[in-house]
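S.K.: quick check, what structure comes out for this input:
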Amino acid sequence: MRIIKLSEFDRAFLTGCDKNTEWMLPWFMEGFKKHNPDAKISLADFGMSDEMMEWAVASKMFHSIGQMDKSTNTQGWFFKPSAMLGTPYKEVCWIDTDFQVIGDMTEIFNYIEPQRLAMVEDTPWSKRTGQHWHNSGIVAFREKPPILHEWAQRVQEKPERGDQETLHAMMDPLRKAIYITDLHQKFNFMRLMIIDKMPKPKDLRAIHWTGGKGKDEIRDQMKK
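M.R.: Numbering: from 1, shown residues only. Predicted structure coming up:
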């Protein structure tokens with residue numbers, strides 16, 4: 001990832017989008033900055049339009065903006081692991097742009113463990129498949145653990161349907177226990193958890209509007 005604007009920080013959030021998903025970026029950033037005004041956040045360009053890049057720079061909300069090498073992969077979200085590897089920060093928390101941030105997200109950094117990825121279990125998907133899944137909407141880590149390098153390589157050489165599915169395919173239960181730290185679902189309360197009538201955490205920080213129906217909810221919020 002080539003950095004085109006950079007301030008040095010030990011800790012930062014990271015998000016990214018392409019032309020197909022950039023419409024959510026202003027909505028996402030409004031919620032993120034409202035509840036995390038002092039948090040540093042970096043933006044990865046997965047193939048954004050010139051207009052949205054101009055907005056991102058003019059907004060002055062991002063502490064670094066990086067452009068991905070588009071020749072390596074043409075499917076937007078497969079850039080995520082490589083974008084995580086390309087950040088210059090010591091501690092990083094990736095967050096998808098379909099998150100409705102409603103609270104302080106910086107607490108996540110308290111739960112990062114060396115050589116591990118911190119993620120929330122995808123409880124609805126675990127329930128539906130009978131396997132232990134983790135959702136890649138939030139991924140926090142310190143100093144680029146080897147499992148992150150392996151994930152980035154795997155999405156290039158043997159991708160599954162998405163980046164989350166690729167990570168799951170390369171992790172048996174033992175490897176998940178070794179390399180993944182479970183975060184509280186208050187940081188990533190998924191749309192299907194609402195569908196499944198799971199109780200919302202009392203200290204809810206973010207709702208993850210996944211899938212097509214989730215994007216419809218985001219559009220409705222933007223209209224209001």
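S.K.: if I've got this straight, residue 182 is in a helix?
M.R.: No - applying DSSP: H, G, I helix; E, B strand; the rest coil, one finds residue 182 to be strand, outside a helix.
S.K.: that one bridge partners, please.
M.R.: Under DSSP bridges, the beta-bridge partners of residue 182 are residue 119.
S.K.: pLDDT value on residue 75, please?
M.R.: Looking at residue 75, its pLDDT is 62.
S.K.: stretch 85-99: how far from the chain's middle?
M.R.: 7 Å (Cα atoms, centre = their mean, to the nearest Å).
S.K.: that stretch: which residues count as buried?
M.R.: By neighbour count on 16 or more other Cβ atoms under 10 Å, the buried set for stretch 85-99 is 85-89, 91-99. Glycine gets a C-beta too; all of them are placed from N, C-alpha and C.
S.K.: how close does residue 35 sit to residue 87?
M.R.: The gap separating residue 35 from residue 87 is 22 Å, by Cβ to Cβ, to the nearest Å.
S.K.: so where do the helices sit in the chain?
M.R.: For the chain, applying DSSP state H gives helices covering 25-35, 50-59, 80-86, 123-129, 146-157, 163-169, 173-179, 191-195, 211-223.
S.K.: which stretch among the ones you listed comes nearest residue 203?
M.R.: helix 25-35 (12.4 Å; Cβ to Cβ).
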